[in-house]
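> how would this look folded up:
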Amino acid sequence: MTIDVRAGRLRAVLRSKPAVAVLAATCLGVVGLAIAGRTPAAPGLQFATAGHWVYTDSLGAASHVDGSTGQVDARARIPGAEDGSQVVQGDRSGYVVGRSKISIFGKSTLSVEGAATPPANEQPVVMEIAGGPYLVYRNAGQLVRLGDPTATMPAGGPVSGPVATRDGTVWLHRIDSGALCQLARGAQRLSCPAQVPAGHSGALAVVDDRPVLLDTTAAALRAVDGAGLGEPVPTGVELSADVEVASGSVEGRLVVTDPARHQLLLIDTAGLDRNRPAARTVTVDLPKDTTFSRPVAAGNTVVLVDETRSEVSTYDSRGTRKGTKHLPSGAGKPRLSKGEDDRVYVDNADGSHMVVVNGGDGSVLEVNVVIATPSPAAQAPPPVPPASGAPAPQPGAGQPGGEPPASVPGAPGNVRAVGADRSVTVSWAPAASNGSPVKGYVLSWSGGSTRVGGAQTSATLTGLANGTSYVITVAAENAVGRGAGVSASARTPSPPPTVQVLGVTSPKFLTYVTTVNADGMGLDATCQATMRGVSGAQTGWVPCGNGSQITMSFTSAMIMMPVTMDVTVRTGAGTATGSWTGTP
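Numbering: from 1, shown residues only. Down below sits the predicted model:
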């Protein structure tokens, strides 16, 4: 008998089997279930970060750049930091990462609060993702999770460029052994459920929030999950072994640079799920006299850096170049990083200049970090000359010898956003009035805006869509005008899961067996199963995911007796239950 519960409907399919009388003292039961829809971890448990921090050698300081305005709205001096250090941020702390020292500073205090020693003398790949941030030391094969508590997880050997899914799972490719390993959010140890075929080379990427292997030897794409590798899907193009693959995709296309052929390739991934017709690979010829960075994909935009010319180029999913910006060079290569606000930040080597690319529309901002000052004030308008015969103004506010003129407010501090059911709560520290009282704060996001009073330091935005990321910008207003905005991002929770009990059979040897299909459920899911009508048949909460099984032990005498099987799934987005009653 196979049981299929979908959307509240029960369907039983009987298969012809000889009747068997079973008399048992001890039996094993295995319950299988599936979850419809993705259920990422509840975003309210961790703040999503916005903007980008960069360390500038000449300033000896880390500066925060608002990605929406290109303005510096905070700066922290970091004594003893090494030139060329990178900065990665968590929800409450920032980390200035050098080869021999990691300085930790508070994002609200803007002061150094501690230090740590890196596990290897190399510049790591930084990842600002859920459950992180992370530092990946590729040559040493070490993965460091920063925060409280900090943890270091060995990969066992050198790894290629890391990728991550939205639930905070990090995937790595062991270059020496070919193992494909994952670190779940909050886990202390890597597991390696898949293996690149012997003699093959490849690279990992994420397509539609699923890890994918680009097998360059076979010129094929293969999905990766806890059960191993999926069937190969031909790409239709020849690939060099040293291709560079973006960690994400743009509009269903994998982004690849092939340095041996001097090409940018946008490879269609429709064959992975066959939900749409496959399209031809887009090929863009690149200059042959230069070196390009690993490409970065954000939203609808591809970002590529010409390291020889220090140029930042952007492309759309059809391979059309959107624009090119020059980045003043330093003593080293530019660094690219993708923020949680869906922007790409390109720093030059000494941190003095930056290019910010909006992943949604491809627009570009250039930032001179050195001359920028936190919370810049607008210039006051020149004084109006007095009318003929009017008395000359006396020294006072806005006049030489008096108080400085009033200007727009400074930027709000410590802006944070937390997602909840169809809402986001935003909080901030008061903005400097700059000579004129703050009358209110304007909160804006894609699809709306609202205004609150000048005394408020928090607001809850309602009527939002669940399962959606929002970037909210907060700006203060006074009588002079509106000051600089500061952004924070949050994701509203996905709808709760639904349970599908796929099958219960009793083939032989007193063992219940059924298929588990929990694709898209997320690694934070736990399951519980109970079989009513059978003594002692209940499990505790156990981790579950695609390909997993739940096993229960019970004692009962059974002669084709009816039972009821209950299955409950619990994730960060909620719980759901399903049941089946019948005679296995």
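
> ok, what's across the strand from Gln263?
Asp258, Asp285 (DSSP bridges).

> give the contact list for it.
Thr257, Thr283, Val284, Asp285, Leu286 (Cβ atoms under 8 Å, 6 or more residues apart in numbering). The way it works is simple: take the backbone N, C-alpha and C, and place the C-beta from them, glycine included.

> Can I get stretch 175-182 in PDB? Just the C-alpha atoms.
Written as PDB, here are the backbone C-alpha positions of stretch 175-182 (Å, rounded to 0.1, in the frame of the first residue of the first chain):
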ATOM      1  CA  ILE A 175      40.600  20.000  -4.800                       C
ATOM      2  CA  ASP A 176      42.800  17.000  -3.800                       C
ATOM      3  CA  SER A 177      40.200  14.400  -3.200                       C
ATOM      4  CA  GLY A 178      37.200  15.600  -5.300                       C
ATOM      5  CA  ALA A 179      34.900  15.500  -2.300                       C
ATOM      6  CA  LEU A 180      32.000  17.900  -2.200                       C
ATOM      7  CA  CYS A 181      31.400  18.900   1.400                       C
ATOM      8  CA  GLN A 182      28.800  21.000   3.300                       C
END
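
> So what's the gap between that stretch and the chain middle?
On the basis of Cα atoms, centre = their mean, to the nearest Å, stretch 175-182 sits 22 Å off its chain's mean C-alpha point.

> Could you do stretch 424-441 as well?
Its chain's C-alpha centre and that of stretch 424-441 lie 29 Å apart, by Cα atoms, centre = their mean.

> again with stretch 308-328
Mean C-alpha position of stretch 308-328 versus that of the full chain (Cα atoms, centre = their mean) differs by 24 Å.

> Give the buried residues for that stretch.
For stretch 308-328, the neighbour count (16 or more other Cβ atoms under 10 Å) marks 309-317, 319, 322, 325, 327 as buried.

> and which of the residues you listed is nearest to Arg185?
Nearest to Arg185 among the buried residues of stretch 308-328, counting by Cβ to Cβ, is Ser317 at 29.2 Å.

> show me what contacts the closest one?
The contact partners of Ser317, taken as Cβ under 8 Å, 6+ apart, are Val250, Glu251, Gly252, Arg253, Leu266, Val282, Asn300, Val302.

> Next, the contact list for the second one, please.
Yep, that's Glu251 we're talking about. Contact analysis of Glu251 by Cβ under 8 Å, 6+ apart lists Asn300, Ser317.

> Gly271: what secondary structure?
Gly271 falls in the helix class when you classify it by DSSP: H, G, I helix; E, B strand; the rest coil.

> low-scoring pLDDT stretches of the stretch 351-500 of the chain, where are they?
Within the stretch 351-500 of the chain, the stretches with pLDDT under 70 are 372-404, 494-500.

> And the helices in it?
For the stretch 351-500 of the chain, applying DSSP state H, counting those that start in this stretch gives no helices.

> wait, which of the contacts of Ser317 is closest to Ala62?
Among the contacts of Ser317, Val302 lies closest to Ala62 (Cβ to Cβ), at 28.2 Å.

> With distance to Val452 added, can I get the contacts of Ser317 in TSV?
Formatted as TSV, the contacts of Ser317 follow (distance: Cβ to Cβ, whole Å):
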residue	distance to Val452
Val250	36
Glu251	37
Gly252	40
Arg253	41
Leu266	44
Val282	46
Asn300	32
Val302	38
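
> got a winner among those for most neighbours?
Among the contacts of Ser317, Val302 has the most neighbours (other Cβ atoms under 10 Å), with 31 neighbours.

> residues in contact with it?
Contacts of Val302 (Cβ under 8 Å, 6+ apart): Ala246, Val250, Val255, Leu264, Leu266, Pro295, Val296, Thr314, Tyr315, Asp316, Ser317.

> distance of Gly448 from Gly463?
With distances taken as Cβ to Cβ, to the nearest Å, Gly448 is found 8 Å from Gly463.

> okay, these two: which has more neighbours?
It is Gly448, of Gly448 and Gly463, that has more neighbours when counted by other Cβ under 10 Å, with 12 against 8.

> is the residue nearest to the more buried one when sequence neighbours are not counted in a bridge, and if so with what?
Spatial nearest neighbour of Gly448, excluding adjacent residues (Cβ to Cβ, 6 or more residues apart in numbering): Leu461 at 7.6 Å. When bridges are called by DSSP bridges, Leu461 pairs up with Val424.

> ok, Leu461 touching Val424?
Yes: judged on Cβ atoms under 8 Å, Leu461 makes contact with Val424 at a distance of 4.9 Å.

> Identify the contacts common to these two.
Applying Cβ under 8 Å, 6+ apart, one finds that Leu461 and Val424 are jointly contacted by Tyr470, Ile472.

> mind pulling up the phi and psi values for Pro295?
Main-chain torsions, Pro295, degrees, to the nearest 10: phi -70, psi 160.

> burial of the residue nearest to it when sequence neighbours are not counted, as a residue count?
With sequence-adjacent residues excluded and distances taken as Cβ to Cβ, 6+ apart, Pro295 is closest to Ala246, at 4.4 Å. Ala246 is flanked by 26 other residues according to other Cβ under 10 Å.

> Show the contacting residues for Gly323.
By Cβ under 8 Å, 6+ apart, the contact set of Gly323 is Ser313, Thr314, Gly362, Val364.

> Test of understanding: give the bridge partners of it.
Thr314.

> Distance check, Thr450 against Val474.
Applying Cβ to Cβ to Thr450 and Val474 gives a distance of 11 Å.

> Name the residue in those two with the higher neighbour count.
The residue with more neighbours, out of Thr450 and Val474, is Val474; 25 against 15, by other Cβ under 10 Å.

> you'd agree that one is up against Gly413?
No: Val474 is beyond contact range of Gly413, at 9.9 Å (criterion: Cβ under 8 Å).
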